[in-house]
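Visitor: The sequence isn't on hand, but the structure is:
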Ligand SMILES: [Zn+2]
């Protein structure tokens with residue numbers, strides 16, 4: 001079963017490759033696959049076709065005709081939409097294998113290596129990370145880009161994801177995780193004004209380390225208001241001192257439909273109810289949450305939240321971009 005599912009994933013890869021070549025070849029017919037339409041109330045087509053023209057799905061059905069189309073024979077394969085990776089850090093991709101228990105834990109190691117990365121290093125990590133996601137059937141990513149040491153770093157990350165062919169929101173973050181420095185609001189404003197293709201900007205927002213530091217809150221508030229005024233989506237981690245962070249988000253009225261809270265491990269029922277009432281979204285990342293010690297992700301715990309997604313949280317931290325592995329871990333009974 002799994003092998004057959006993975007055949008479906010390899011079809012997704014073929015689609016991505018086709019997408020990149022669209023300028024020279026504008027019609028593709030995927031024929032005779034087990035088509036999982038995922039349409040609300042829709043049914044699977046055990047022997048179905050998908051017709052793509054000019055990068056858009058124009059028909060899903062049986063025995064579709066398409067003169068001159070490139071044909072992919074999907075017999076005995078699954079055909080399904082690409083996965084959405086709701087939260088990642090692709091700039092960490094090239095640190096694979098560096099993390100271990102004890103002194104070599106993820107945060108101290110990645111923080112040290114982050115400081116010496118140049119724009120070219122960012123490009124290589126994010127480009128190769130995006131290709132890894134595509135090859136695993138993930139066609140969209142919410143990338144929390146929190147190693148932007150200057151505009152050249154930010155531009156390199158944007159270019160990497162644009163060049164890769166993946167669809168992404170790049171959540172523009174700061175130069176490090178200490179939250180002492182603001183993100184580069186002016187540069188983010190420049191990116192927000194540019195015409196967008198598959199890659200669009202958002203705000204990678206962090207709360208003050210010291211939740212009583214009002215000066216830091218004022219700086220964070222400026223970032224948040226800028227995103228709000230420019231209709232940019234926002235992601236924010238609620239982890240570490242998670243309960244106090246969540247309470248601060250609620251008390252200061254920062255939860256809103258354009259905000260996605262990441263992790264929220266061990267959130268209380270009251271906190272989750274506040275998130276739901278505000279129409280905010282939730283991203284959980286089972287593989288990485290287990291790796292960094294937040295424990296097994298309790299999907300049943302988050303049942304009241306309507307808008308939620310699964311994230312990889314960086315291929316090198318999760319071990320791979322395998323959404324099937326992520327789902328299997330998430331599906332473990334509590
Ligand atoms: Zn994260």
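Guide: Cool, got the structure. Model, not experiment: these values are computed from the prediction.

Visitor: Could you give me the buried positions within stretch 212-232?
Guide: Using 16 or more other Cβ atoms under 10 Å as the test for burial, stretch 212-232 gives 216, 217, 219, 220, 223, 224, 226, 227, 230, 232. All C-beta atoms are positioned from the backbone trio N, CA, C, and that covers glycine.

Visitor: give me phi/psi at the fifth one?
Guide: Going back to what we said before, that points to residue 223. When quoted as degrees, to the nearest 10, the phi and psi of residue 223 stand at phi -60, psi -50.

Visitor: Next, the contact list for it, please.
Guide: Counting by Cβ atoms under 8 Å, 6 or more residues apart in numbering, residue 223 touches 182, 183, 185, 203, 205.

Visitor: residue ranges of the helices in the stretch 151-300 of the chain, please?
Guide: 151-164, 185-193, 214-229, 242-251, 269-278, 286-291 (DSSP state H, counting those that start in this stretch).

Visitor: which helices and strands does the second one pack with?
Guide: Using 3 or more Cβ pairs under 8 Å, 6 or more residues apart in numbering; DSSP states H and E as the contact test, the elements touching helix 185-193 are helix 151-164, strand 167-172, strand 199-205, helix 214-229.

Visitor: Can you give the contact residues for the second one?
Guide: Contacts to strand 167-172, defined as Cβ under 8 Å, 6+ apart, come from residues 130, 139-145, 148, 154, 157-158, 161, 183-184, 187-188, 191, 198-205, 233-235.

Visitor: what lines up beside that strand in the sheet?
Guide: In the sheet, strand 167-172 lines up against strand 138-145 (parallel), strand 199-205 (parallel) (DSSP bridges).

Visitor: And the longest one, how far out from the chain middle?
Guide: Meaning strand 138-145. 3 Å (Cα atoms, centre = their mean, to the nearest Å).

Visitor: okay, the angle between it and helix 151-164?
Guide: Strand 138-145 and helix 151-164 are oriented at 180 degrees to each other (axes from the mean of the first three to the mean of the last three Cα atoms, to 10 degrees).

Visitor: contacts for strand 138-145?
Guide: Contact with strand 138-145 is made by 12, 15-16, 81-91, 126, 130, 133, 154, 157, 161, 166-173, 202, 204, 235, 237, 260, 262, 283, 309, 311-312, 321, 323, as judged by Cβ under 8 Å, 6+ apart.

Visitor: model confidence over that strand, on average?
Guide: Averaging pLDDT along strand 138-145 gives 97.

Visitor: Which one, of the helices of the stretch 151-300 of the chain, ends up nearest to residue 57?
Guide: With distances scored as Cβ to Cβ, the stretch of these nearest to residue 57 is helix 151-164 (21.0 Å).

Visitor: Counting neighbours, which of the contacts of residue 223 end up buried?
Guide: 183, 185, 203, 205.

Visitor: neighbours of the nearest residue to the last one once chain neighbours are set aside, just the number please.
Guide: Closest residue in space to residue 205, ignoring its immediate chain neighbours: residue 236 at 4.6 Å, by Cβ to Cβ, 6 or more residues apart in numbering. Burial of residue 236, expressed as a neighbour count using other Cβ atoms under 10 Å, amounts to 25.

Visitor: same question, residue 54
Guide: 8.

Visitor: ok, back up a step: of the buried residues of stretch 212-232, closest to residue 52?
Guide: For the buried residues of stretch 212-232, the nearest to residue 52 is residue 232 (30.2 Å; Cβ to Cβ).

Visitor: Determine the three-state secondary structure at residue 329.
Guide: helix (DSSP: H, G, I helix; E, B strand; the rest coil).

Visitor: Look up how far residue 228 lies from the spatially closest residue to it that is not a sequence neighbour.
Guide: In space, and not counting its chain neighbours, residue 329 is closest to residue 286: 4.3 Å by Cβ to Cβ, 6+ apart. Distance, residue 286 to residue 228, using Cβ to Cβ, to the nearest Å: 30 Å.

Visitor: next one: residue 123
Guide: Applying Cβ to Cβ to residue 123 and residue 228 gives a distance of 30 Å.

Visitor: Double-check residue 189 against residue 227; I have them as touching.
Guide: No: Residue 189 is beyond contact range of residue 227, at 10.2 Å (criterion: Cβ atoms under 8 Å).

Visitor: how about the helices of the stretch 1-150 of the chain, start to end?
Guide: 2-20, 106-115, 119-135.

Visitor: what about residue 292, neighbour count?
Guide: 18.

Visitor: Give me the nearest residue to residue 314, chain neighbours excluded.
Guide: Leaving aside its chain neighbours, residue 314 sits nearest to residue 89 (4.0 Å; criterion: Cβ to Cβ, 6+ apart).

Visitor: And for residue 26?
Guide: Leaving aside its chain neighbours, residue 26 sits nearest to residue 54 (5.2 Å; criterion: Cβ to Cβ, 6+ apart).

Visitor: Torsion angles phi and psi at the one you found?
Guide: Dihedral angles for residue 54 - degrees, to the nearest 10 - are phi 50, psi 40.

Visitor: what's the spacing between it and residue 29?
Guide: Counting by Cβ to Cβ - residue 54 and residue 29 are separated by 14 Å.

Visitor: what residues are shared contacts of those two?
Guide: Between them, residue 54 and residue 29 share no contacting residue, judged by Cβ under 8 Å, 6+ apart.
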